[in-house]
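J.: Return atomic coordinates for the entry below.
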Amino acid sequence: MRRLDVIPGKHTFPFLLKAYSNFQSLETGIQVHTHVLKFGLELDLHVVNGMVRAYSVSGDVRDCPQSV
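T.: Just a heads-up that it's a prediction; the model follows:
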């Protein structure tokens with residue numbers, strides 16, 4: 001999406017986070033979290049729930065930032 005200059009919205013990230021949590025890759029989750037912050041979606045309830053789930057499934061909740 002970013003290569004095509006499509007701006008992801010609040011509907012994009014919950015699906016992306018759910019797909020990511022199935023792979024349990026903490027590095028990818030941190031990248032997605034960075035994009036969530038970049039696009040100002042850190043207060044959206046569905047995005048935050050997806051991030052909490054993704055961090056908890058990765059097994060390392062200690063790396064979950066305080067902003068989540």
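J.: Give the other helices and strands that the helix or strand in which Ile30 is found contacts.
T.: Counting by DSSP states H and E, the element that carries Ile30 is helix 26-38. Other helices and strands packing on helix 26-38, by 3 or more CB pairs under 8 Å, 6 or more residues apart in numbering; DSSP states H and E, are helix 12-23, helix 45-58. Where C-beta positions appear, they are placed from N, C-alpha and C, glycine not excepted.
J.: in the chain, which ranges drop under the pLDDT threshold?
T.: Residue ranges of the chain with pLDDT under 70: 1-2, 24, 59-68.
J.: let's see it at 80
T.: For the chain, applying pLDDT under 80 flags the ranges 1-6, 20-29, 57-68.
J.: will you turn the helices and strands packed on helix 26-38 into a markdown table that also has distance to Thr34?
T.: Converted to a markdown table, the helices and strands packed on helix 26-38 look like this (distance: least, CB to CB, whole Å):
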| stretch | distance to Thr34 |
| --- | --- |
| helix 12-23 | 12 |
| helix 45-58 | 11 |
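J.: related to what we said a few turns ago, return the distance of the helix holding Ile30 from the chain's centre.
T.: Here helix 26-38 is found 5 Å from its chain centre; the criterion is CA atoms, centre = their mean, to the nearest Å.
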